[in-house]
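Participant: The sequence and its predicted three-dimensional model are supplied below.
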2 protein chains.
Amino acid sequence: MAWDTEQTRRRLKEAATEEFAANGLNGTTVERIARRASVNKERLYHYFGDKEQLYAAILNDELVRIAEAVQLPSAEDMDVGEFAGRVFDYHSSHPHLARLLHWEGLSYAGKIPLQEKRTPYYTAKVDAIKAAQRAGGITDELDPADLAFMLIALAAWWFAVPQVVQMLTGQTGDDPADRAKQRAAVVIAARRLAHDPPR
Amino acid sequence: MAWDTEQTRRRLKEAATEEFAANGLNGTTVERIARRASVNKERLYHYFGDKEQLYAAILNDELVRIAEAVQLPSAEDMDVGEFAGRVFDYHSSHPHLARLLHWEGLSYAGKIPLQEKRTPYYTAKVDAIKAAQRAGGITDELDPADLAFMLIALAAWWFAVPQVVQMLTGQTGDDPADRAKQRAAVVIAARRLAHDPPR
DNA sequence: GAGTCCCCCAACCACAACGTTGGGGTTGCA
DNA sequence: TGCAACCCCAACGTTGTGGTTGGGGGACTC
């Protein structure tokens, strides 16, 4: 039987993504990753070095993925509501990234891995908002970076503290109808935040 | 020499709060807590059972603390901006709670510890908003629970993903001037979210 | 078909972390 | 003063986990 080393790597990565997103770096064991991938533990060390390096590789993959997936809204006819809605949708359908980012945020101790790769992704958003402010479509009551940040907050917070969602709204987050309602609220809120009336 | 068992308990709790907030449940070792508290490890097991029970006790303490600290705004003359500002201030001066909540959110798997104790704290806020909506001070474009949730999001997100703040705004979060600027943005954003113009 | 490279895996090692235990010191009470 | 209860701590047992190793055996080359 022929070997499929590429598939072995891929399966390890997929399993690792699941585990890391679910349990964080500390909460994940190498054994569980290997078992989930149906691959021997040693392969993991052989291909990726150690647990932390695998984690970095996973995070990098996910970041590339979202950078490709979320289109940048054009400056002129920017509908901030829909932008926030799309961010919400992305998180909703790709919960891994959001969770990895949150784990990272908590473990954050001053240095950001892959910073030079990631920063442009954010500054592009800020520039777009800045341009829209000049064009008059978006309020200039708020600093563009702050506005961008808070728009993301509106969309992402739901996935960060599901237990608070549960206690506040009674929604469990499993129901698609709940998600739709949440998304609608995010869109409205984003518009109120960014656009001056009349809306 | 007399024993001060109450102080021993307190020192363990304080040390545990620091460690858990910094490293989460999995990232914290009992030994480190004990060392930080200058207390023998065995005391921890004697007083609190085990690591998880200690964690629950800590979380409970912090929740009680914020419930006492953040006053409920009265329905009529509610300034949502200042409310969000105060939530921001609380998180700013007590970063432990936000981090504990966040760790919990990531580990959340369906059951909420101390739920019956915590829920009233949130529903009270929702009720206050609902009342203000009826009184006409707050928009009814948004569901009160959703609005409450997103107001908290605006205030708390800064402390959840500091690495994103860093990349978006260039602020490190250590500088009080940065915090003041962030707070101002939160207040403005909260007003835009909740109050109908003219503001 | 011999030699070589590489993939794979079971078993193993070292250590760190949770949790326990037995004994010694201290207090309060009879 | 004797005694029981309680506080404290150093040392230990046990388990789980990160990381390694040595060998078995396909696949390709000549």
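Facilitator: Sure thing, it's come through.

Participant: Can I get the top helix by length along chain A in CSV, CA atoms only?
Facilitator: Ranked by residue count, the top helix of chain A under DSSP state H comes out as helix A:5-27. Provided in CSV are the C-alpha atoms of helix A:5-27 (Å, rounded to 0.1, in the frame of the first residue of the first chain):
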residue,chain,number,x,y,z
THR,A,5,2.2,11.5,3.8
GLU,A,6,0.4,14.6,2.8
GLN,A,7,-2.8,13.2,4.1
THR,A,8,-1.2,12.3,7.4
ARG,A,9,0.0,15.9,7.8
ARG,A,10,-3.5,17.2,6.9
ARG,A,11,-5.2,14.9,9.3
LEU,A,12,-3.0,15.9,12.1
LYS,A,13,-3.6,19.5,11.4
GLU,A,14,-7.4,19.0,11.2
ALA,A,15,-7.4,17.1,14.5
ALA,A,16,-5.2,19.7,16.1
THR,A,17,-7.4,22.5,15.0
GLU,A,18,-10.4,20.9,16.6
GLU,A,19,-8.6,20.1,19.8
PHE,A,20,-6.8,23.4,20.2
ALA,A,21,-10.0,25.4,19.4
ALA,A,22,-11.9,23.3,21.9
ASN,A,23,-9.4,23.1,24.7
GLY,A,24,-6.6,25.7,24.1
LEU,A,25,-2.9,25.0,24.2
ASN,A,26,-2.7,23.9,27.8
GLY,A,27,-5.9,21.9,27.7
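
Participant: quick one: average confidence on it?
Facilitator: Taken as a whole, helix A:5-27 carries a mean pLDDT of 92.

Participant: what does stretch A:121-139 give?
Facilitator: 89.

Participant: how distant is that stretch from the center of its chain?
Facilitator: 21 Å (Cα atoms, centre = their mean, to the nearest Å).

Participant: and it with chain B, contact?
Facilitator: Yes. Residues of stretch A:121-139 are located near chain B by Cβ under 8 Å from any Cβ of the partner chain, namely A:122-123, A:125-126, A:139. Quick note: C-beta positions are derived from backbone N, CA and C, even for glycine.

Participant: Now do the strand or helix carrying A:Leu168: which elements does it pack against?
Facilitator: Per DSSP states H and E, A:Leu168 falls inside helix A:162-169. If you count contacts as 3 or more Cβ pairs under 8 Å, 6 or more residues apart in numbering or on different chains; DSSP states H and E, helix A:162-169 packs onto helix B:95-107, helix B:115-135, helix B:144-160.

Participant: The longest helix of chain A vs helix B:95-107, what angle?
Facilitator: 140 degrees (axes from the mean of the first three to the mean of the last three Cα atoms, to 10 degrees).

Participant: who wins for proximity to A:Arg192 among the helices and strands packed on helix A:162-169?
Facilitator: Between A:Arg192 and the helices and strands packed on helix A:162-169, the tightest spacing by Cβ to Cβ is seen for helix B:144-160, at 9.9 Å.

Participant: Can you confirm whether that closest one lies near chain A?
Facilitator: Yes. Using Cβ under 8 Å from any Cβ, helix B:144-160 comes into contact with chain A via B:145-150, B:152-154, B:156-158, B:160.

Participant: Was I right to think A:Ala156 contacts A:His91?
Facilitator: Yes. Counting by Cβ atoms under 8 Å, A:Ala156 touches A:His91, with 5.7 Å between them.

Participant: intersection of neighbour lists for those two?
Facilitator: A:Ala98 (Cβ atoms under 8 Å, 6 or more residues apart in numbering or on different chains).
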